[in-house]
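1. quick one, structure for this:
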Amino acid sequence: NRQASFMGRKGNATIYCFMPLTSDRLTADLMYGISEAARRENFPVTFFQGSMTEDFRDFFSNLDDSSHSGVISFPSLALSDDLKDMLKIYAQRRKTLVLLNANTNSAKGMLEDEYSSITQLIMDDAYGGRLAAQHLYEQGCRKFYFTYLPGQPFRHRLKGFQEFLAEKGIEVSSFDKILK
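-> Reported below is the predicted structural model:
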């Protein structure tokens, strides 16, 4: 039993999650997905929500006073230096932190080196497109073509993909133009 195992070590199997206080599809899907995954693994999960920097600060300040197995955090606002320090200290001490979309709280939407030791999940289609283009570029690819079905996520992925390659002076061509 997972709970008994944690209690034997004077711990608690509960996962704490901090989510933005918004009513959008992404937050709802995340909460549902996290709940389902935790249930399958027999982990209780407790959600905390907030929309202000103080909410996030309070959440992390009170973690030392609670017994938990880990934290999943989706900070909704740009992080101040003291909050960044709190995250780094917690991650170094506990090593049980997963950040969701930390890149949206960083300069120019790019991940800061100071977060590199913290496990992260990025849910940003444009950023994903940039990463895909960067990977292909680093593998030596220099000619790029695209095709896609119309849809919101694909448009943002393509934008990120094209922006990275434009910075390298490379044009991305559409298969539609080639096939005509």
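
2. quick one, helices of the chain?
-> Along the chain, counting by DSSP state H, helices occupy 2-8, 25-40, 53-61, 81-94, 125-138, 152-167, 175-179.

3. now the last one: average pLDDT?
-> So the one you mean is helix 175-179. The average of the pLDDT scores along helix 175-179 is 62.

4. average pLDDT across stretch 118-136?
-> Stretch 118-136 carries an average pLDDT of 85.

5. start at 5, not 1
-> Will do, 5 is the new start, and the previous item becomes stretch 122-140.

6. just the buried positions in that stretch, please.
-> Using 16 or more other C-beta atoms under 10 Å as the test for burial, stretch 122-140 gives Ile122, Asp128, Asp129, Ala130, Tyr131, Gly132, Gly133, Arg134, Leu135, Ala137, Gln138. Every C-beta, even on glycine, is put in place using the N, C-alpha and C of the backbone.

7. how far does it sit from the chain's center?
-> Offset of stretch 122-140 from its chain centre (C-alpha atoms, centre = their mean, to the nearest Å): 10 Å.

8. follow-up on the earlier one: which stretch among the helices of the chain comes nearest Ser73?
-> The closest of the helices of the chain to Ser73 is helix 6-12. By C-beta to C-beta, the value is 6.3 Å.

9. returning to that earlier point: mind putting the helices of the chain in CSV, distance to Pro79 included?
-> CSV is the format used below for the helices of the chain (distance: least, C-beta to C-beta, whole Å):
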stretch, distance to Pro79
helix 6-12, 26
helix 29-44, 13
helix 57-65, 6
helix 85-98, 7
helix 129-142, 16
helix 156-171, 21
helix 179-183, 39
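
10. just to revisit the earlier point, make JSON lines out of the buried residues of stretch 122-140 and add distance to Lys147.
-> As requested, the buried residues of stretch 122-140 are arranged in JSON lines below (distance: C-beta to C-beta, whole Å):
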{"residue": "Ile122", "distance to Lys147": "36"}
{"residue": "Asp128", "distance to Lys147": "26"}
{"residue": "Asp129", "distance to Lys147": "23"}
{"residue": "Ala130", "distance to Lys147": "22"}
{"residue": "Tyr131", "distance to Lys147": "23"}
{"residue": "Gly132", "distance to Lys147": "21"}
{"residue": "Gly133", "distance to Lys147": "17"}
{"residue": "Arg134", "distance to Lys147": "18"}
{"residue": "Leu135", "distance to Lys147": "19"}
{"residue": "Ala137", "distance to Lys147": "12"}
{"residue": "Gln138", "distance to Lys147": "16"}
